[in-house]
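*Asks:* got a structure for you, letters missing:
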């Protein structure tokens, strides 16, 4: 019938449209089928093996970061994160040490031979950050701060891009495209939970985003288990789920003394909990069906 | 200071209140620390090993279900699901075979030695269903149909309770309590995705709900990977994540010919895809860190 | 170009599909352009004038309801609501007086010459309710309890259908269609807020749903300002917005002594607040631009 | 009983805590009970009367903006908006004319004696914008771009702050506090819809946010009816609801020829629709109960 023909044309048109759109993106698998690999002090994020990133929510002092760096190094890991510029809901909350924090991270990175990752929140600071950091993080609140994305795309430095608090996967991919369109293809995506009605967790970890992002783009994908759950007791199970579903790595917060942390003290691991986390993750036996 | 004392009292009061509330529930770990195990034809759901449930979205005919049952049996599995009463958004969509469907499932269960699971949507049908089914399912739309929950609590038959489309974990646990308060403690919980703004998946699989439900209750927890993702290409990764995070099992839809299925044809696996799914899940090597 | 032609066909096909779908529904404006009017003791809901419904969350005693009925009557209003069967999250919360509550409402309706409205939660109770109530309410949790909808469609009694807690407008319209498809077209729709991430209100009043429902269907639309906001201080502003946007009426909870109410005590108005609410609503001067 | 005393102390503690927190904010009513009024070419936003803002989504040319400005002026209105820097999901969509757009707006403002409003997206552009604009807009995607908020707080120019796409009311108020904490208290808040699961509208207009923001802060509150609904047919009803609930004004998009607009062509009014919108809004008779 004529109606059936119409429907077939309709479907063909729909697929055509979608194809067109996706084909255009530089970050898409259609444009580049093989995985992008981001090299950091010998770790190759995106190589199919899991990579772990730890560190305190905020850089508070050299000693604090050094204590964590030592623990990280002791486990044979190479990636350290810590916040120097802290975007906070209230202007009266601790805003981070700023440039001072970046200097501490740089010194720690050199002394402990670690790759250091920190968030930058202003386009003007991106160029400065290049000298101090191994990876520049764009945080969830700034995922659609397009001026910041463009500035990040203009430097020769890996970028860790976190998903916005209520960004769709499509918007997330387009945010990465903003960076790559400026010439910088060294991008690591990071799922960190989305805002939903559920209150048992701080955010809702959208675990399905991981395989979708791996399919749609050629970029490595991490899961931030700290911000997605907001609960210390869920870090280990969430990390297992992330690795099982194909994430290229996991990020979590570790602080020498979470109780006195200047931010997010309810969700960071202390060093003993970090030990247990690593031991259990390394000895995890996947249940056979 | 007086303020500090106040805050301590405040915190103590808060914990007291929460403790009180949780202590009361029959489904809580506080009430019963050991796992509830639901036995179905030798499979012990809740015993720490993963259990798999497959079957078509809707029971369409004896032949259709038998084909799937044969495949399920051929893989050494024991659990079959199929919808006889189908709650559908539109009154003009296929509503299921009803009692005829239950009879088909009963016959299949006997012939293939499988435990059969099907949804019941009316309190009046619960008693009838007892004679035909091994497990009575309460669907997502009926999670707070309290009359149905009470009827399910009054029979001696395992209940599979699905999380409501936008139910909080607390509401989900209370829905289970409605059943157990009537005397029936043979309850299996099932996370099936929640409604969020994200459109890349049919629902958002709330994977963190699994460890929370395992902590808060003593009941087994399954993950329905079909309804949570709504995408055939995500069934396998979601199943891996579910088992890694500690689910007691996974549920997925299999249909001999999804293209002609009377419902949900975009998300069911055909028999070849079912083979691949099982092979890949059984040979899955968890990535070591 | 060929591509442009394709796109035009595509758009035409899209509109055709949507048209087809909507044309089919009995509740749609396409099927019946003029407004459905539901008559209740002389009030004609859907006639273009606003109608107000008040009453306690739950029927607790004859005296309690009579006090409110007297106040409602004193303001020249004709519509009274009160819950006899209360669907509650926890099985241990007050579940309502049941049949006893219906009898109280019937007596009050007769004595005060008011139309009485109450929620029914089980298909089996619908026929019973017909003898006691002027309007049968289907609550938010049961909006997709299709067996209940069908039972409501089979009686000759107006139905007040509340939107589900996370129902789309399309699902809401289809739920009404379940009732009308059984022969009962005396349906009043009620927007009562949807579940979102925002916590400042109990739910988020989706005020835009009102004009959409008025456009898409021929049914009257009320707004429940109590459940949508969950805050006594927002009842009056929300009522103004509802009437301004074209709702056929407003529903709100009034209790003689909210502090001792057996349910929802934080959001009900007492009699003095009810007086003020009515005075302010009646004297409201819409701001001119 | 001791338990009762505990609960009373608990409640007192809770209120104390909340009080403390709110008292601190400069934007709060507690700090300043009387309304802040922002003066713009004789219009006093926040004076209790409704104020209307119109203009095209994007500034495309002098002629395009002049056509709209002429229509706005012709209705006795004084406020014009138009986007010069356009934050777009895809880097390949039209990004606005930038500084050229600001110059067009400045010229239009002078020629038609209108106050002009436009969004600024980079901290570095705030100071430049001061010379061209009467009001600097911070858009939804940048509501938690704290560097931009701080830069906006450091200039002597009214700021129009839009609510983030999934910002809580509390986060919105704190974003305003970021501006005021830098010394600039000339802030207009703008509700523009939040992201929810509902797809019938582009966003869900959170109408209850208006009275809450009016209660909690002393700042004027507008409602952007274009972005909250995304539907031309809902602009008028949404505007009525906004004014009825107490908004200080309404914002909507008007374009000489929406079909060829470079952005958002499905939701802008053309000049004839703008005429009708104004006529109907001005002749609107609020339904009496």
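*Replies:* Noted; the coordinates are in hand. Here the structure is a predicted model, which means the values were calculated and not measured.

*Asks:* Spell out the secondary structure type for the residue in chain A positioned nearest to chain D.
*Replies:* For chain A, the residue closest to chain D is residue A:166, as judged by CB to the nearest CB, at 3.4 Å. For glycine as for every other residue, the C-beta is placed from the backbone atoms N, C-alpha and C. The assignment at residue A:166 comes out as coil when based on DSSP: H, G, I helix; E, B strand; the rest coil.

*Asks:* Now for it: which residues touch it?
*Replies:* Counting by CB atoms under 8 Å, 6 or more residues apart in numbering or on different chains, residue A:166 touches A:194, A:195, B:197, C:197, D:165, D:166, D:195.

*Asks:* change it to 10 Å
*Replies:* Counting by CB atoms under 10 Å, 6 or more residues apart in numbering or on different chains, residue A:166 touches A:140, A:143, A:194-196, A:203, B:196-198, C:197, D:164-167, D:194-196.

*Asks:* Show me what residue A:39 is bridged to.
*Replies:* For residue A:39, the beta-bridge partners under DSSP bridges are residue A:44.

*Asks:* can you count the residues close to it?
*Replies:* 14 (other CB atoms under 10 Å in any protein chain shown).

*Asks:* what are the ranges of the helices in the stretch 151-289 of chain A?
*Replies:* A:169-180, A:209-216, A:225-229, A:235-244, A:271-282 (DSSP state H, counting those that start in this stretch).

*Asks:* Report the inter-axis angle for the first one versus helix A:209-216.
*Replies:* So the one you mean is helix A:169-180. 50 degrees (axes from the mean of the first three to the mean of the last three CA atoms, to 10 degrees).

*Asks:* how about low-confidence regions in the stretch 101-250 of chain A?
*Replies:* Within the stretch 101-250 of chain A, no stretch falls below the threshold (pLDDT under 70).

*Asks:* Give me every residue in it lying close to chain C.
*Replies:* A:165, A:166, A:194, A:195, A:196, A:197, A:198, A:199, A:203, A:204 (CB under 10 Å from any CB of the partner chain).

*Asks:* Among the residues you listed, the buried ones, what's the ChimeraX command?
*Replies:* Buried residues within those, by 16 or more other CB atoms under 10 Å in any protein chain shown, are selected in ChimeraX with:
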select /A:165,166,194,195,196,197,198,203,204
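
*Asks:* between the residues of the stretch 101-250 of chain A next to chain C, which is nearest chain B?
*Replies:* Nearest member of those to chain B, counting by CB to the nearest CB, is residue A:196, at 4.7 Å.

*Asks:* ok, now which ones touch the closest residue to chain B within the stretch 1-150 of chain A?
*Replies:* Taking CB to the nearest CB as the measure, the stretch 1-150 of chain A has residue A:50 as its residue closest to chain B, at 4.8 Å. Contacts for residue A:50 (CB under 10 Å, 6+ apart) come out as A:222, A:239, A:242-243, A:246-250, A:281, B:286-289.

*Asks:* for residue A:94, same thing?
*Replies:* Residue A:94 touches A:57, A:58, A:60, A:83, A:86, A:88, A:261, A:262, A:263, counting by CB under 10 Å, 6+ apart.

*Asks:* Compare the residues you listed and tell me which has the most neighbours.
*Replies:* When these are compared by neighbour count (other CB under 10 Å), residue A:83 ends up highest, at 28 neighbours.

*Asks:* How about the contacts made by that one?
*Replies:* So residue A:83 contacts A:55-60, A:94-97, A:101, A:105, A:117-119, A:121, A:137, A:139, A:253, A:262-264 (CB under 10 Å, 6+ apart).

*Asks:* For residue A:142, see how far away it is.
*Replies:* Using CB to CB, to the nearest Å, we find residue A:83 at a distance of 13 Å from residue A:142.

*Asks:* Spell out which residues are contacts of both of these two.
*Replies:* In contact with both residue A:83 and residue A:142: A:119, A:121, using CB under 10 Å, 6+ apart.

*Asks:* Skip the chain neighbours and tell me the closest residue to residue A:37.
*Replies:* Counting by CB to CB, 6 or more residues apart in numbering or on different chains, residue A:37 lies nearest to residue A:46, which is 4.2 Å off, once chain neighbours are set aside.

*Asks:* Residues of the stretch 1-150 of chain A that sit close to chain D?
*Replies:* Checking the stretch 1-150 of chain A against chain D by CB under 10 Å from any CB, the hits are A:21, A:24-26, A:85-93, A:95, A:120-125, A:139-150.

*Asks:* neighbours around residue A:285, how many?
*Replies:* 6.

*Asks:* Now for it: which residues touch it?
*Replies:* residue B:286.

*Asks:* same thing with residue A:268?
*Replies:* Listed by CB under 10 Å, 6+ apart, the contact partners of residue A:268 are A:55-58, A:68, A:226, A:232, A:235, A:252-259, A:261, A:274.

*Asks:* at 7 Å what do you get?
*Replies:* By CB atoms under 7 Å, 6 or more residues apart in numbering or on different chains, the contact set of residue A:268 is A:56, A:57, A:253, A:254, A:255, A:258, A:261.

*Asks:* The residues you listed: which two are farthest apart?
*Replies:* A:254 and A:261 (10.6 Å; CB to CB).

*Asks:* Out of the contacts of residue A:94, which two sit at the greatest distance?
*Replies:* A:60 and A:88, at 14.3 Å, using CB to CB across the contacts of residue A:94.

*Asks:* Show me the contacts of residue A:83 that map onto helices.
*Replies:* If you go by DSSP state H, the contacts of residue A:83 have A:101, A:105 in helices.

*Asks:* which of the contacts of residue A:83 count as buried?
*Replies:* Among the contacts of residue A:83, those classed as buried by 16+ other CB under 10 Å are A:55-60, A:95-97, A:101, A:105, A:117-119, A:121, A:137, A:139, A:253, A:262-264.

*Asks:* so who does the residue nearest in space to the middle of chain A touch?
*Replies:* By CA atoms, centre = their mean, chain A has its centre lying nearest to residue A:190, at 3.0 Å. For residue A:190, the contacting residues are A:160, A:161, A:162, A:163, A:222, A:224, A:251, by CB under 7 Å, 6+ apart.

*Asks:* Out of the residues of the stretch 101-250 of chain A next to chain C, flag the one nearest to residue A:184.
*Replies:* Taking CB to CB as the measure, residue A:184 sits nearest to residue A:165 out of those, at 23.8 Å.

*Asks:* roughly how far is stretch A:81-88 from the heart of the chain?
*Replies:* Distance of stretch A:81-88 from its chain centroid, counting by CA atoms, centre = their mean, to the nearest Å, is 13 Å.

*Asks:* mind checking the end-to-end distance for that stretch?
*Replies:* This stretch, stretch A:81-88, spans 17 Å end to end (CA to CA, to the nearest Å).

*Asks:* now residue A:136: how far from chain C?
*Replies:* 29 Å (CB to the nearest CB, to the nearest Å).

*Asks:* burial count for that residue?
*Replies:* 25.

*Asks:* Does it touch residue A:153 like I think?
*Replies:* No. Residue A:136 is beyond contact range of residue A:153, at 10.8 Å (criterion: CB atoms under 7 Å).

*Asks:* Which entries in the contacts of residue A:190 are shared with the contacts of chain B?
*Replies:* Restricting those to those within reach of chain B (CB under 7 Å from any CB of the partner chain) leaves nothing.

*Asks:* how about the residues you listed in a markdown table, adding distance to chain D and neighbour count?
*Replies:* Shown next, in a markdown table, are the contacts of residue A:190 (distance: CB to the nearest CB, whole Å; neighbours: other CB atoms under 10 Å in any protein chain shown):
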| residue | distance to chain D | neighbour count |
| --- | --- | --- |
| A:160 | 18 | 27 |
| A:161 | 14 | 24 |
| A:162 | 13 | 26 |
| A:163 | 12 | 28 |
| A:222 | 22 | 25 |
| A:224 | 17 | 25 |
| A:251 | 20 | 29 |
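
*Asks:* So which of these are in strands?
*Replies:* Taking DSSP state E, the ones among the contacts of residue A:190 that sit in strands are A:160, A:161, A:162, A:222, A:224, A:251.

*Asks:* shouldn't the third one be in contact with residue A:142?
*Replies:* So the one you mean is residue A:162. No. Between residue A:162 and residue A:142 there is no contact under CB under 7 Å: 8.4 Å.
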